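J.: Fold the following.
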Amino acid sequence: MNGAHVLVVDDDPDVLEVVTLTLEMAGYRVSQAANGQLALAELARELPGLILLDMRMPVMDGWTFARELRARHGHRIPVVVVTAAEDARLRAREVDAEAWLGKPFDVDTLLATVGRLMARQGGLEASRSHGAP
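T.: Modelled structure (predicted):
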């Protein structure tokens, strides 16, 4: 990869570590946040190309974070819901996410999902720079 930036938002330190190491080994730059409030602070520093978002977290949960994200940045940053909830697809729909991963997830599925969405983001950025809507 070309150092594309992924923000991982999860209150489970083990999940943060595994996801971060996996993505870094695949060539991504990764920042972490243990809750939605810390994730908003990360966004103020640098906008990622993709956000992996847990839903149930202390301080600020995924639903509240997603509302704030969309209010501030619209749909410019794709979101992948990462949840242990029985219906991950429903959680993704609730926050208008582009994809979802159910916990526990397979590393190959994680990398494929991130790669697909990052490639699509790259295409969107390229088309925007050439004057396309």
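
J.: for the residue nearest to the spatial centre of the chain, helix, strand, or coil?
T.: Centroid-nearest residue in the chain: residue 51, 1.6 Å away (criterion: C-alpha atoms, centre = their mean). Following DSSP: H, G, I helix; E, B strand; the rest coil, we place residue 51 in the strand state.

J.: Can you give me the distance of it to residue 86?
T.: In this structure, residue 51 and residue 86 are 22 Å apart, going by C-beta to C-beta, to the nearest Å. C-beta here means a position set from N, CA and C on the backbone, and glycine is covered the same way.

J.: What of residue 34?
T.: 24 Å.

J.: Comparing these two, which shows the higher neighbour count?
T.: residue 34 (18 against 8; other C-beta atoms under 10 Å).

J.: Could you check the pLDDT of that one?
T.: The per-residue pLDDT reported for residue 34 equals 97.

J.: do residue 102 as well
T.: At residue 102, pLDDT is 87.

J.: which residue packs closest to it, ignoring adjacent ones?
T.: Leaving aside its sequence neighbours, residue 102 sits nearest to residue 88 (C-beta to C-beta, 6 or more residues apart in numbering; 4.2 Å).

J.: And residue 118, by the same measure?
T.: residue 4 (5.0 Å).

J.: if I look at the one you found, how far off is residue 114?
T.: Taking C-beta to C-beta, one finds residue 4 at 9 Å from residue 114.

J.: do residue 29 as well
T.: Distance from residue 29 to residue 114, by C-beta to C-beta: 12 Å.

J.: Please list the residues outside stretch 62-73 that contact it.
T.: Stretch 62-73 is contacted by residues 9, 35-37, 39-40, 43, 47, 51, 53-56, 60, 77, 79, 81, 83, 91, 94-97 when judged by C-beta atoms under 8 Å, 6 or more residues apart in numbering.
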